[in-house]
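> Sequence and predicted structure below; questions after.
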Amino acid sequence: MKKLPLSKKQETFTFANGDKYVGGWKNGVMHGQGTYAHANDEQYVGEYKNDVMHGQGTYTYADGSIERGICKNDELVKAN
């Protein structure tokens, strides 16, 4: 298995399930600005903190619907 990046500013990583993350890393976890593309065609573009969606972001669902707002601990808490 491919090792997770430890602390590069920008890195691409493809997970075993086909999901792909392009963005910042810190100590082996997603951190900072990034794009996470799920194998099911859903995508999140925004901020990460300690491996979870945290901060401003946009989530696009497979059906094309979009949610924008502020995420905290992997959940949308304020839509905008």
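Done, it's in. Numbering: from 1, shown residues only.

> which helices and strands does whichever helix or strand Tyr59 is part of pack with?
Under the criterion of DSSP states H and E, Tyr59 resides in strand 52-60. When contacts are defined as 3 or more CB pairs under 8 Å, 6 or more residues apart in numbering; DSSP states H and E, strand 52-60 packs onto strand 43-49, strand 66-72. Any C-beta I mention is one placed from the backbone N, CA and C, and that applies to glycine too.

> Among these, show me which one is buried the most.
Stretch with highest mean neighbour count among the helices and strands packed on strand 52-60: strand 43-49 (a mean of 19; mean count of other CB atoms under 10 Å).

> and that one, how far out from the chain's middle?
Distance of strand 43-49 from the chain centroid (CA atoms, centre = their mean, to the nearest Å) equals 4 Å.

> same deal with stretch 20-36?
The answer for stretch 20-36 is 7 Å, by CA atoms, centre = their mean.

> tell me, what residue is most central in the protein?
The centre of the chain sits closest to Tyr36, judged by CA atoms, centre = their mean, with a distance of 3.9 Å.

> Name all residues that make contact with it.
Residues in contact with Tyr36 (CB atoms under 8 Å, 6 or more residues apart in numbering) are 19-21, 23, 30, 43-44.
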